[in-house]
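*Asks:* Generate a structure from the sequence data that follows.
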Amino acid sequence: MRIALVSLAAVAAAAVATPALANEARVEARTGIIWDGSDSEAVAGVAVGYDYDLGSKFFVGVEGSADKVLTSDTRVSWGAGGRIGYKITPTTKLYANSTWQSKFAKYGNSAVAVGGGVEQALDSRFYAKAEYKHLLVGDNTPDADVGLLGVGVKF
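*Replies:* Below you'll find the model as predicted:
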């Protein structure tokens, strides 16, 4: 039930955006760590997204991602979701996000990730970000957590 509600909230946030208020497209590379209470592994991936301005301070965005736990027995996890946030300064964004993630392992389960992050512009095109996600796995599979650091370019 909680996975369905979080997924619905992410879709609703993306639906609120209107193309007339378009702000920026982005592409990023990221790396970090995933842990589940008993084990931790390195993770690396990429993401693409588009943010829409809702006035001068608020924004919503959509995002697609591909992440891989850096061990031999895992596969690429594909993600689709959205984020909503506030521009603390003209160069700093604080946001909450939710993403559906496909399975990281052949016998694992897909998950809904909820979390948040901060994105800092480095200049007019490049940015760095730090992000945390809690993966709600379900089906009696332990939840997991992900911490990511990324760098990207805006268009």
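*Asks:* What ranges does this protein have for its strands?
*Replies:* 22-35, 40-54, 58-69, 76-89, 92-101, 111-121, 126-136, 144-154 (DSSP state E).
*Asks:* Out of those, which gets the lowest mean score?
*Replies:* When those are ranked by mean pLDDT, strand 22-35 comes last with a mean of 92.
*Asks:* Convert the C-alpha atoms of it to CSV, please.
*Replies:* C-alpha atoms of strand 22-35 as CSV (Å, rounded to 0.1, in the frame of the first residue of the first chain):
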residue,chain,number,x,y,z
ALA,A,22,10.0,24.9,-18.8
ASN,A,23,13.3,25.5,-17.0
GLU,A,24,16.1,23.1,-17.8
ALA,A,25,17.2,19.6,-19.0
ARG,A,26,20.0,17.9,-17.2
VAL,A,27,22.3,14.8,-17.6
GLU,A,28,24.5,13.5,-14.7
ALA,A,29,26.9,10.8,-13.7
ARG,A,30,26.7,9.6,-10.1
THR,A,31,28.3,7.3,-7.6
GLY,A,32,27.7,6.3,-4.0
ILE,A,33,26.9,3.4,-1.7
ILE,A,34,23.9,1.2,-1.1
TRP,A,35,23.4,-0.6,2.2
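*Asks:* Give me the contacts around it.
*Replies:* 40-53, 59, 67, 69, 104, 127, 129, 131, 144-155 (Cβ atoms under 8 Å, 6 or more residues apart in numbering). C-beta coordinates here come from the backbone N, C-alpha and C atoms, glycine included.
*Asks:* could I get the strands of the chain as TSV with mean neighbour count?
*Replies:* Formatted as TSV, the strands of the chain follow (neighbours: other Cβ atoms under 10 Å):
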stretch	mean neighbour count
strand 22-35	16
strand 40-54	18
strand 58-69	19
strand 76-89	19
strand 92-101	20
strand 111-121	20
strand 126-136	18
strand 144-154	18
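*Asks:* For the closest residue to residue 113 other than its chain neighbours, give the beta-bridge partners.
*Replies:* Nearest non-adjacent residue to residue 113, counting by Cβ to Cβ, 6 or more residues apart in numbering: residue 133, 4.1 Å away. Beta-bridge partners recorded for residue 133 (DSSP bridges): residue 115, residue 146.
*Asks:* which residues sit in contact with residue 133?
*Replies:* 97, 99, 113, 114, 115, 145, 146, 148.
*Asks:* 7 Å - rerun?
*Replies:* When contacts are counted by Cβ atoms under 7 Å, 6 or more residues apart in numbering, residue 133 touches 113, 114, 115, 146.
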